[in-house]
Each structure stands twice: as C-alpha cells, then as structure tokens.
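[1] coordinates for the following, if possible.
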Amino acid sequence: MGIVMKKMVLLATALAMVSGSALAADMSVKAVKAPPPPAFDPWDLAFGSAIMNDYIFRGVTQSNHKPSVAAYFEPRYNFTKDVQLYVGLSGESISFPNRAAAEIDIYGGIRPTFGMFAFDFGLWGYLYPGGQCFNAGVVPGTPGFSLACIANGNLPVNGNVAKKDASFFEAYAKVNVTLNDQWQVGANEYYSPNFLNLGAWGNYASLTAKWTAPSTTFGTSGIGMYVSGEVGRQWLGTSDAFYGVVSPLGNFAAGVPEPSYTTWNIGVGFTYKVFTLDLRYSDTSLSKASCNVFTSDYATRSFSPSFITPTNPGGFGSNWCGAAGVAKLSADLTAITNLK
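    Numbering: from 1, shown residues only. Predicted coordinates:
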C-alpha cells in the first residue's frame, strides 16, 4: 500500500510539473505584444486623366463642342485623417476665341472634415497661354490694348473681339454632406474679381446631389453606379471698355453688362476600379444672342435679326451655351490606395 501511495504521489507531481510547464508556455505566447501599427504617412498623391467629347464648364463649351483631353496632378498632406492640405496642377485642351493653346489650372486649399460634413476652401487659377488679341477698334490705354489687336482686326465673319489673355482666378468654398451610404448633397460658392479677364466680377453658386447605387447592384462584377446633378447660378458684372459696343440701340462704350444665367446638369456614371464613365446632359438659360455676348464665339456663322440686341448689335447668335450631351471617360488614382 505504501508503494502504491508513493507511485501515486510521484505521478501527481509529474502531472503538476507538465501542466505547469504547459501553462507557462501558453502564458508566454499570450504575453507577446501585438506588432505596432504601421506609422502614419501624411503624404499622398492623386493623379488622373480624362477624355471627353465636349469640355463643358458651367454649361458653356470650352472646346467649341469638340473632343477634349485633361490630366491632373495633386500632392496632398494629411495633418490628421480629418484635415488635408493640397495643391494641384491640371490641364485641358480648349478652343477659345483668342486661340489660346490650352487651359492650365493651378490650385490649392484645405479640406477639413467634421463627421458627415466635408469642407473644401481654396484658390483656383485659370491660365490660358498662347492667346492672340482681336479688336480693330480698341482704344490705346484701355485694358487689353496692343498694336497686335489692331493688326489682327476683329474675329473673322462675326466681328467678335477677344483679349490676348483670358486668365483669372477664383476663391471657393464647398461643402459635401454624406447623409448615408447612398445619398450626398452639397453646396458650392466661387468668386472672381475679374472673371475670364472680362473686367467683370463673377460669382457662381450651386447645389449638388448624388445617389450611389448599392454595391450589390451589379453582383460581384465590381461595377458601381451613381446618378448626380447640379443646378447653379452664374452672376456677372459689367465688362471693361475692351468689350464695349456703341450702336443706335445703346451706348455701352465703357463696357457691356455681361449676362448672368442659370445652368444645370444631370447624369449617370459607371465606375470600375480606377475608371469612371460619366454620361451627362447640360444646359443653360442663356439665349443665343446673350451667349454670343458672353463668349465672343469665334465659330458662329448664325445671323438673325432676332439676335440683334443693344449689347449684341451684330446679330450673331452662339450655340456654345445651349443643350449638350457629354460622355467622359476618366481614370483617377492615389498613391496610397493604388500604388502600394
């Protein structure tokens, strides 16, 4: 009996030692600390390009209703996940009355986010290099005057005029509100003291809305879809004397009151990975006569007595501000998301 008891004690001791060792080993595994999270990288870079059948800006074609290409490059610095500083450079092909080579945009600002509210404040500069001056009657000492204006004369056939430089800048403030996974609404405000270098101030305000389809709409294909729209109002002041007109209908030698107008667009988009195909309808409230005053359309050959107004005595009308359909294919990437 004593021998049996000794054996049982030895067995119990051995089991305790094994259990203790296993428990110690298990504790040592659980005690290992999790690897530290990756360091926060505040820098990011967004870039992309697009091709479209028409470049429409606030309801007005910038490419004479011809195809246009665009590209952009935007370094970003994230102070936190909710505050981003950015600068950018972009370019678009255009067809302007002054024969400018392209549109080059330089911009920058800050994007703070507070819950469902995403704000954007900044400055945007629109540069149009390579332009020519057209105005045979320009008066020395007035804005835009040069001997080249007189030598070039007015634009062929329709007699419109254009400054060599149409560059300008705007200050802007925007907010986008994410209501839920599918709905977003927004508001935008832009102001320029000299819109398109017309000599007239410009103020643009708009409201936007976007509905994004559920991710399961197209099954597991990875295709997404959205419907979006915008309605905006472009207010404009009076131009400088370069664009002044004098006729039996009125004396606007000091400048013409540029026509303010309402613009709207609605469209549907399809996304796949970094690609977006956007199909959109755009229009404005501008008449053809008012459109000709605002744009100095170089391509119009459309004359009608009904187009004659005090500020458009030449009687030409432009279709640059009318209804248009735009198909745009774009690719947008960010370094953090797409290049790692």
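
[2] by mean pLDDT, which helix or strand of the chain comes out lowest?
    Taking mean pLDDT, DSSP states H and E as the measure, helix 2-30 is the helix or strand of the chain with the lowest mean score, a mean of 52.

[3] would you mind checking the average pLDDT for the helix or strand just after it?
    Using DSSP states H and E, the next helix or strand after helix 2-30 towards the C-terminus is strand 43-52. Computed over strand 43-52, the mean pLDDT rounds to 97.

[4] contacts for the helix or strand just after strand 43-52 next, please.
    Once the chain leaves strand 43-52, the next helix or strand it forms, by DSSP H and E, is strand 56-57. With C-beta atoms under 8 Å, 6 or more residues apart in numbering as the test, strand 56-57 has contacts from Gln62, Asn265, Arg280, Ser282, Ala324, Val326. Quick note: C-beta positions are derived from backbone N, CA and C, even for glycine.

[5] ok, and for stretch 234-243, which residues are buried?
    Gln234, Leu236, Gly237, Thr238, Ser239, Asp240, Ala241, Phe242, Tyr243 (16 or more other C-beta atoms under 10 Å).

[6] likewise for stretch 77-92?
    Using 16+ other C-beta under 10 Å as the test for burial, stretch 77-92 gives Asn78, Gln84, Leu85, Tyr86, Gly88, Ser90, Gly91, Glu92.

[7] can you dump the C-alpha coordinates of it into PDB?
    Taking C-alpha atoms only, stretch 77-92 is exported to PDB below (Å, rounded to 0.1, in the frame of the first residue of the first chain):
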ATOM      1  CA  TYR A  77      -0.600  66.400 -47.000                       C
ATOM      2  CA  ASN A  78      -2.900  65.000 -44.200                       C
ATOM      3  CA  PHE A  79      -2.300  66.700 -40.900                       C
ATOM      4  CA  THR A  80      -4.800  64.200 -39.500                       C
ATOM      5  CA  LYS A  81      -7.300  61.800 -41.000                       C
ATOM      6  CA  ASP A  82      -9.800  64.800 -41.000                       C
ATOM      7  CA  VAL A  83      -7.700  67.700 -42.200                       C
ATOM      8  CA  GLN A  84      -6.000  67.700 -45.600                       C
ATOM      9  CA  LEU A  85      -3.800  70.300 -47.300                       C
ATOM     10  CA  TYR A  86      -3.400  70.100 -51.100                       C
ATOM     11  CA  VAL A  87      -2.100  71.800 -54.200                       C
ATOM     12  CA  GLY A  88      -2.700  70.800 -57.800                       C
ATOM     13  CA  LEU A  89      -1.800  71.300 -61.400                       C
ATOM     14  CA  SER A  90      -4.200  70.400 -64.300                       C
ATOM     15  CA  GLY A  91      -4.500  71.000 -68.000                       C
ATOM     16  CA  GLU A  92      -7.300  70.800 -70.500                       C
END
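
[8] what's across from Ser228 in the sheet?
    Lys210, Gly267 (DSSP bridges).

[9] quick check: it touching Leu279?
    No. Between Ser228 and Leu279 there is no contact under C-beta atoms under 8 Å: 11.0 Å.

[10] anything in contact with each of these two?
    Taking C-beta under 8 Å, 6+ apart as the criterion, Ser228 and Leu279 both touch Gly267, Gly269.

[11] neighbour-wise, which of these two wins?
    Using other C-beta atoms under 10 Å as the criterion, Ser228 and Leu279 rank with Ser228 on top: 18 against 12.

[12] still on that earlier bit, looking at the contacts of strand 56-57, which is nearest Pro193?
    For those, the residue nearest Pro193 by C-beta to C-beta is Gln62; the value is 21.0 Å.

[13] excluding its backbone neighbours, what's nearest Ile106?
    Excluding the flanking residues, the one nearest Ile106 by C-beta to C-beta, 6 or more residues apart in numbering is Gly125, at 4.6 Å.

[14] related to what we said a few turns ago, pull the most distant pair out of the buried residues of stretch 77-92.
    Asn78 and Glu92 (27.3 Å).

[15] next, the buried residues of stretch 65-78.
    Neighbour counts over stretch 65-78 (16+ other C-beta under 10 Å) mark His65, Ser68, Ala70, Ala71, Tyr72, Glu74, Pro75, Arg76, Asn78 as buried.

[16] what about Gly130, helix or strand, and which?
    Counting by DSSP H and E, there is no helix or strand that carries Gly130.

[17] contacting residues for it?
    When contacts are counted by C-beta under 8 Å, 6+ apart, Gly130 is found next to Arg99, Ala100, Ala101, Ala102.
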